[in-house]
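S.K.: A structural model of the following input is requested.
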Amino acid sequence: MKNTETYPHHAWAQTPPLGWNSFICYGSSVTERQFKENVDAFADKLASTGWEYCVLDFCWSHPDPGPVANPNQEAGYTPHLASDEFGRLLPAVERFPSAANGAGLKPLADYTHSKGLKFGLHIMRGIPRQAVEAKTPVKGTNATAADIAQVGSKCTWLNHMYGVDMEQEAAQAYYDSLFELYAEWGVDYIKADDILTDYPGPYHAAEIEAIHKAIAKCGRPMVLSLSPGPAPVNQAQHLGAHANMWRMSADFWDRWRKLYEMFYLCNAWTDLGGPGYWPDADMLPMGRIALCGPEGEPRDSLFTTEEQRTMMTLWSIFRSPLMLGGDVPTLDETTLSLLTNEEVLAANKYGENPYQLYRHQTLVAWISDDSKSSDKFLALFNLADKTDTVPVTLEQIGLGPKVALRDLWKKEDLGATEQTIRKELSAHDCAFYRVSAR
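M.R.: This is a model prediction of the structure:
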């Protein structure tokens, strides 16, 4: 499965990271209270099955961004964001009161760590426009923000930042100063946004490398996640050399068409990830979502139970990182059971060499090797809008003339067979097995 060399940062994510991100629930407006409530519930409900990251998503420096920070401000307007004397963004105390008196996000990270969890933080590529306008100094240099800004490089959906011109001498020092601060706060995971792709814009290789170098220099391991997708497949080597995970798609929401399309993306990224570097199918819109934006009204996920099971199965056998987007305190028992099935999570953690065994129109099968045994994981999917039967021959599985099946979702042994495996599945549903030679 490996297609890159082994790099030191790979050690920080030997298996796909599992966590929760605030974006799908709270958009740009999450507060300290809401974040802590989710941390508490996460520790109680998810941590025992291997979930560990709690990630604060975007606009945490904005005192009042609304559900989604509006990129369509009048020309020339730049919102005022909390920052220090070096132009580095700080949490807005209006929303994060524990950040007062220069504490930054350390109290929130400490709270997350006190629950036995890891703290993640969203950042935007580049340097704040307000720092460029004010010509704030770049820490440790004689340069200012205006000297290193690439003002023609702008995010198309958020008007807070300019890109950094990495050909300028002080550019790396700026990124180093950011990660020096994040290390002081106790950050364990970085989601770097507006850096992977901005269709039809560029792949920001130089700034990806700058962030990678800054993490290596700061002295604290931080998993690096890159957004938004779709990531360019032809940059797989570069991605694996500099990041731990990267988005394969644009924002993923609770629509069947998006899940249907994800099967093609997973197939396209086959063999381009491995221990420490993971193609990412994006957050899981499960449970109660859009409580404060950013897409639609507050609602329970529009995915049916069958579709949620299909999503969890595909993400698990493909070995995507798992990042829950729903409100953790209000998770219902059915959703929680999908997220905490240890046998399904084992396929995500220990499966090796996953690939699409076949696809025939709307019938799909995936398979992977269990690195802890000689068993295989087998997933069958019916992507049709009606009931259909998905077959797999024992020759395709490759474990011999007789195998035993265990249903991972039901946690039931199904006995041995020498026959072709045929599973009738309802629309948009799946089956997930552990297959053993007999």
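S.K.: pLDDT score assigned to Lys135?
M.R.: pLDDT recorded at Lys135 is 98.
S.K.: likewise for Trp256?
M.R.: With respect to pLDDT, Trp256 scores 98.
S.K.: that one and Gln308: what is the separation?
M.R.: Taking C-beta to C-beta, to the nearest Å as the measure, Trp256 falls 11 Å from Gln308. All C-beta atoms are positioned from the backbone trio N, CA, C, and that covers glycine.
S.K.: if you count surrounding residues, which of the two has more?
M.R.: Gln308 (22 against 16; other C-beta atoms under 10 Å).
S.K.: in a strand, the more buried one, correct?
M.R.: No. Going by DSSP: H, G, I helix; E, B strand; the rest coil, the assignment for Gln308 is helix, not a strand.
S.K.: and the longest strand for this protein?
M.R.: When the chain is scanned for its longest strand (criterion: DSSP state E), the result is strand 351-360.
S.K.: partner strands of it, with direction?
M.R.: Strands adjacent to strand 351-360 in the sheet, as given by DSSP bridges, are strand 363-370 (antiparallel).
S.K.: buried set for stretch 415-431?
M.R.: 421, 423, 425, 427-431 (16 or more other C-beta atoms under 10 Å).
S.K.: out of the residues you listed, which comes closest to Thr334?
M.R.: Nearest to Thr334 out of the buried residues of stretch 415-431 is Asp429 (C-beta to C-beta; 14.3 Å).
S.K.: where's the closest residue in space to that closest one that isn't next to it in sequence relative to Arg299, distance?
M.R.: Once flanking residues are discounted, Asp429 sits nearest to Glu306: 4.0 Å by C-beta to C-beta, 6 or more residues apart in numbering. Counting by C-beta to C-beta, the gap from Glu306 to Arg299 is 18 Å.
S.K.: over to Trp253?
M.R.: Using C-beta to C-beta, one obtains 11 Å as the distance from Trp253 to Arg299.
S.K.: the more surrounded of these two?
M.R.: Neighbour tally, Trp253 and Arg299, criterion other C-beta under 10 Å: the higher count belongs to Trp253, 21 against 13.
S.K.: any idea of the pLDDT on the more buried one?
M.R.: 97.
S.K.: OK, contacts around it?
M.R.: Residues in contact with Trp253 (C-beta atoms under 8 Å, 6 or more residues apart in numbering) are 24, 285, 295.
S.K.: looking at this, it is in a helix?
M.R.: No. Counting by three-state DSSP, one finds Trp253 to be coil, located in no helix.
S.K.: end-to-end on stretch 9-16?
M.R.: Using C-alpha to C-alpha, to the nearest Å, the end-to-end distance of stretch 9-16 comes to 13 Å.
S.K.: and what of stretch 102-119?
M.R.: 19 Å.
S.K.: how about that stretch: buried residues?
M.R.: By 16+ other C-beta under 10 Å, the buried positions in stretch 102-119 come out as 103-109, 111-112, 115, 117-119.
S.K.: show me what whichever strand or helix holds Ile190 is packed up against.
M.R.: For Ile190, the host element (DSSP states H and E) is strand 189-193. Judged by 3 or more C-beta pairs under 8 Å, 6 or more residues apart in numbering; DSSP states H and E, the packing partners of strand 189-193 are strand 53-56, strand 118-124, helix 205-218, strand 223-226.
S.K.: what about these, which gets the closest to Leu345?
M.R.: strand 53-56 (14.5 Å).
S.K.: what about dumping the CA coordinates of the closest one to PDB?
M.R.: Below are the C-alpha coordinates for strand 53-56, written out as PDB (Å, rounded to 0.1, in the frame of the first residue of the first chain):
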ATOM      1  CA  TYR A  53      -9.300  14.100  18.700                       C
ATOM      2  CA  CYS A  54     -11.600  17.100  19.400                       C
ATOM      3  CA  VAL A  55     -11.100  19.700  16.700                       C
ATOM      4  CA  LEU A  56     -12.000  23.400  16.900                       C
END
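S.K.: note down every partner strand of it and its orientation.
M.R.: Strand pairing (DSSP bridges) places strand 53-56 next to strand 18-21 (parallel), strand 118-124 (parallel).
S.K.: avg pLDDT for stretch 164-171?
M.R.: According to the model, stretch 164-171 has a mean pLDDT of 97.
S.K.: can you measure across it, start residue to end residue?
M.R.: Criterion C-alpha to C-alpha; first-to-last residue distance in stretch 164-171 is 7 Å.
S.K.: for that stretch, buried residues please.
M.R.: Those would be 164-166, 168, 170-171, for stretch 164-171 by 16+ other C-beta under 10 Å.
S.K.: give me the distance from stretch 294-314 to the chain's centre.
M.R.: 16 Å (C-alpha atoms, centre = their mean, to the nearest Å).
S.K.: send me it as PDB with only the CA atoms.
M.R.: What follows is stretch 294-314 as a C-alpha-only set of coordinates in PDB (Å, rounded to 0.1, in the frame of the first residue of the first chain):
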ATOM      1  CA  PRO A 294     -23.400  26.200   7.800                       C
ATOM      2  CA  GLU A 295     -25.800  24.300   5.400                       C
ATOM      3  CA  GLY A 296     -29.500  24.300   6.000                       C
ATOM      4  CA  GLU A 297     -31.600  24.300   9.100                       C
ATOM      5  CA  PRO A 298     -30.900  22.300  12.300                       C
ATOM      6  CA  ARG A 299     -31.800  18.700  11.600                       C
ATOM      7  CA  ASP A 300     -31.000  15.100  12.200                       C
ATOM      8  CA  SER A 301     -28.800  13.700   9.400                       C
ATOM      9  CA  LEU A 302     -30.700  13.200   6.200                       C
ATOM     10  CA  PHE A 303     -28.900   9.900   5.700                       C
ATOM     11  CA  THR A 304     -31.100   6.900   6.400                       C
ATOM     12  CA  THR A 305     -29.700   4.300   8.900                       C
ATOM     13  CA  GLU A 306     -28.800   2.100   5.900                       C
ATOM     14  CA  GLU A 307     -26.900   5.000   4.300                       C
ATOM     15  CA  GLN A 308     -25.000   5.800   7.500                       C
ATOM     16  CA  ARG A 309     -24.000   2.100   7.800                       C
ATOM     17  CA  THR A 310     -22.800   2.200   4.100                       C
ATOM     18  CA  MET A 311     -20.800   5.400   4.900                       C
ATOM     19  CA  MET A 312     -19.200   3.900   8.000                       C
ATOM     20  CA  THR A 313     -18.400   0.700   6.100                       C
ATOM     21  CA  LEU A 314     -16.800   2.500   3.100                       C
END
